[in-house]
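Asker: Show me the folded form of this:
(chains A and B, ligands or ions: 2)
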Amino acid sequence: MADQSRTADMTPTAAADAPAPRRGVTMLLVVIGLVLLIAAPFYLYPVFVMTLLCFGLFAAAFNLLLGYTGLLSFGHATFFGGSAYFTAHAAKEWGWPPEFALILGVLGAIGLGLVMGAIAIRRQGIYFAMITLALSQMFFFACLQMPFTHGEDGIQSVPRGVLFGLIDLDQPLNMYFFVAAMFVFGLAAIWRIVNSPFGMILKAIRENEQRAVSLGYSVAQYKLAAFVMSAAFAGLAGGLKALVMEFATLTDVTWQMSGEVILMTLLGGIGTMAGPVVGAGVIIALQNRLATSDFPVTIITGLVFMVCVMLFRRGIIGELMESRLGRMLGLR
Amino acid sequence: MSDPVQTTEPRVVLSARGLGKDFSGFTAVNNVNLDVHHARIHALIGPNGAGKTTVFNLLTKFLPPTRGRITLLGTDITKMSPDVVARMGLVRSFQISAVFPHLTVLENVRVALQRPAELHIQFWRPMKSLEVLNGRAEVLLNDLGLMEYRDTRAADLSYGRKRVLEIATTLALDPEVLLLDEPMAGMGHEDVHMVSDIIREVAQHRAVLMVEHNLSVVADICHHVTVLQRGEILAEGDYETVASDPRVRTAYMGSDA
Ligand SMILES: Nc1ncnc2c1ncn2[C@@H]1O[C@H](COP(=O)(O)OP(=O)(O)OP(=O)(O)O)[C@@H](O)[C@H]1O
Ligand SMILES: [Mg+2]
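Answerer: Residues are numbered from 1 along each chain as shown, chains lettered A, B, ... in the order given. Ligands and ions are numbered 1, 2, ... in the order given. Here you go, the predicted structure:
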């Protein structure tokens, strides 16, 4: 039986990446997710769901780096908030249509990612986190000073515009389905990157960097590529958010924002596709709830973080997959 | 591939001259001259802490040397980085087993195959595109008796099997020069035999430098032995010469090895 597949190099072997039952369950969950996504705006406040989707995408982008490459960036607000500014500025001051404004935001995030990545990537662990934090603080002060961001006021009343000259995004449902489509696109693209030949090398680097080097891989280049990709998707999320909220402010470039995305990802489960989205959902829902009460949000998120670290280290989705139910469904 | 001119002395593929390494004042390796030949198995032995692994780290550029020069296949590699040196054909294994624990056995070997097959930067292609490499990977797994663990995660293998997997991964690159740091440590008798045979076989058309504590293996398969003690070369030659050297005997008696 061992010889089945060694006859020809081209013959794909029977066992694919995932066993059949797992595939089926995953497909089912994806379909359920899509149905929820389509149904959501009819039951929930669309802007709330859109905000959630933006942060979900942001966290998924962050997870591409932390979960699948093993790099903890403490500066991702730079790409999220930076892209929000670029997108907002292009849409408002230059009157660009939303698709081009978004592309500019993403390109800006890529540029910022290249700079930050090139400086930080050769450092390990906590030093990497510290350098990204320091650089993102520099970017924060730049945003505070530069005239185009309008300092403390931010860029207000950003027009959503008309997508492709056809679809009026001022219509809430149009906007919603545009954001939902970009969210699905972003997640699918991240999924593809993770499950690609390149993704396999990222995994190998995360698992044993020295070994990857000894096999001839220029580790720094792969890490930089992953960093820039992560920055690009974070930028997509940030640009979308600026269009959803119709403003871009300093909040999105603060270190607290970088911390929040770490929290969302850890809470949901690093290294899982759904985890960061679920984590973002929980945090955004909490913030939404508490926004109207007098209770300080930061205390609650701090508590959530502590509970997460102490009780379920793998995060909500991670624990679910490890649980008996998860094993039964073949999710592990 | 095999060299038709077996009568002449095999050519030197890797050499070190005056190699030295200081760790903040402590000299771990000093004035080491080494010539590794094509189609020869060269053993590097010595008591614990003699500096064998450090020599490996220097040769493969995982550590920058404090002194000396290293030449690989006629190129001075003293200032190169480890990944470049690996791509030139100098591939090492590690003393502490180095596998990718959460990848399957097949995936571990495939990671090594991906680079020469130019299948390592495609972030837009599905994982399935790597299946073209399965055939080659499985040949290696068969040769090393790992086929039944093909889809097992490397972390779930026994220690000895992890070592075998590491050798399979290293061989997947078909390197010109192979550096093995205690490849058989922790293996059972059968595996030691199998791996000895494999090393002997692959050394027919490549150079092998190996650190090995098991002296019967050294006696059995190695053409040339270099003995290291406190970072310096104590003796050199074929096994008989080295084994009968009184200085080597004292060095080994004096330590736990
Ligand atoms: N990175 C390092 N920093 C400081 N000292 C080191 C470092 N690496 C090795 N050493 C020291 O250098 C000496 C040689 O170590 P090395 O690991 O090369 O020995 P070895 O011959 O491989 O021993 P073993 O048989 O135990 O594997 C030891 O005294 C060790 O403590
Ligand atoms: Mg050693």
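
Asker: Skip the chain neighbours and tell me the closest residue to residue A:85.
Answerer: residue A:248 (4.9 Å; CB to CB, 6 or more residues apart in numbering or on different chains). No exception for glycine: its C-beta is placed from N, CA and C like everyone else's.

Asker: Phi, psi for that neighbour please.
Answerer: phi -130, psi 130 (degrees, to the nearest 10).

Asker: For residue A:312, see how far away residue A:321 is.
Answerer: 11 Å (CB to CB, to the nearest Å).

Asker: let me fix that: residue A:258
Answerer: Computed with CB to CB, the distance linking residue A:258 and residue A:312 is 23 Å.

Asker: More neighbours: these two, which one.
Answerer: Taking neighbours as other CB atoms under 10 Å in any protein chain shown, residue A:258 and residue A:312 compare with residue A:258 leading, 25 against 17.

Asker: ok, the more buried one touching residue A:133?
Answerer: Yes. Residue A:258 is within contact range of residue A:133, at 7.1 Å (criterion: CB atoms under 8 Å).

Asker: Can you pull the residues that touch both of these two?
Answerer: Residues within reach of residue A:258 and of residue A:133 at once, by CB atoms under 8 Å, 6 or more residues apart in numbering or on different chains, are A:74-75.

Asker: Number of residues surrounding residue 36?
Answerer: This is for chain A. 11.

Asker: hmm, I had chain B in mind actually
Answerer: Other residues near residue B:36 come to 25 when the count uses other CB under 10 Å.

Asker: how about the strands in the stretch 1-150 of chain B?
Answerer: Taking DSSP state E, counting those that start in this stretch, the strands of the stretch 1-150 of chain B run over residues B:12-23, B:26-37, B:41-45, B:67-72, B:75-76, B:90-92.

Asker: Nearest to chain A, out of these?
Answerer: strand B:90-92 (5.3 Å; CB to the nearest CB).

Asker: Partner strands of the closest one and their direction?
Answerer: Strand B:90-92 has the following strand partners under DSSP bridges: strand B:177-181 (parallel).

Asker: How about the residues of chain B by ligand 1?
Answerer: By CB under 6 Å from any ligand atom, the residues of chain B that approach ligand 1 are B:23, B:28, B:46, B:48-54, B:95.

Asker: Can you add distance to residue A:124, neighbour count and pLDDT and give those back as JSON lines?
Answerer: What follows is the residues of chain B next to ligand 1, written out as JSON lines (distance: CB to CB, whole Å; neighbours: other CB atoms under 10 Å in any protein chain shown; pLDDT from 0 to 100):
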{"residue": "B:23", "distance to residue A:124": "19", "neighbour count": "11", "pLDDT": "92"}
{"residue": "B:28", "distance to residue A:124": "23", "neighbour count": "20", "pLDDT": "90"}
{"residue": "B:46", "distance to residue A:124": "31", "neighbour count": "26", "pLDDT": "89"}
{"residue": "B:48", "distance to residue A:124": "28", "neighbour count": "9", "pLDDT": "89"}
{"residue": "B:49", "distance to residue A:124": "26", "neighbour count": "14", "pLDDT": "88"}
{"residue": "B:50", "distance to residue A:124": "29", "neighbour count": "24", "pLDDT": "90"}
{"residue": "B:51", "distance to residue A:124": "25", "neighbour count": "24", "pLDDT": "91"}
{"residue": "B:52", "distance to residue A:124": "26", "neighbour count": "24", "pLDDT": "92"}
{"residue": "B:53", "distance to residue A:124": "21", "neighbour count": "20", "pLDDT": "93"}
{"residue": "B:54", "distance to residue A:124": "21", "neighbour count": "21", "pLDDT": "94"}
{"residue": "B:95", "distance to residue A:124": "21", "neighbour count": "15", "pLDDT": "85"}
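
Asker: Same list, these, but only the ones touching chain A.
Answerer: Among the residues of chain B next to ligand 1, no residue is within reach of chain A (CB under 8 Å from any CB of the partner chain).

Asker: so of the residues you listed, which ones are in helices?
Answerer: B:52-54 (DSSP state H).

Asker: what's the burial count for residue A:91?
Answerer: Residue A:91 has 27 nearby residues by other CB under 10 Å.

Asker: what distance separates the helix or strand harbouring residue A:64 from the centre of its chain?
Answerer: Residue A:64 is part of helix A:46-69 when elements are defined by DSSP states H and E. Centroid separation for helix A:46-69 versus its chain: 3 Å, with CA atoms, centre = their mean, to the nearest Å.
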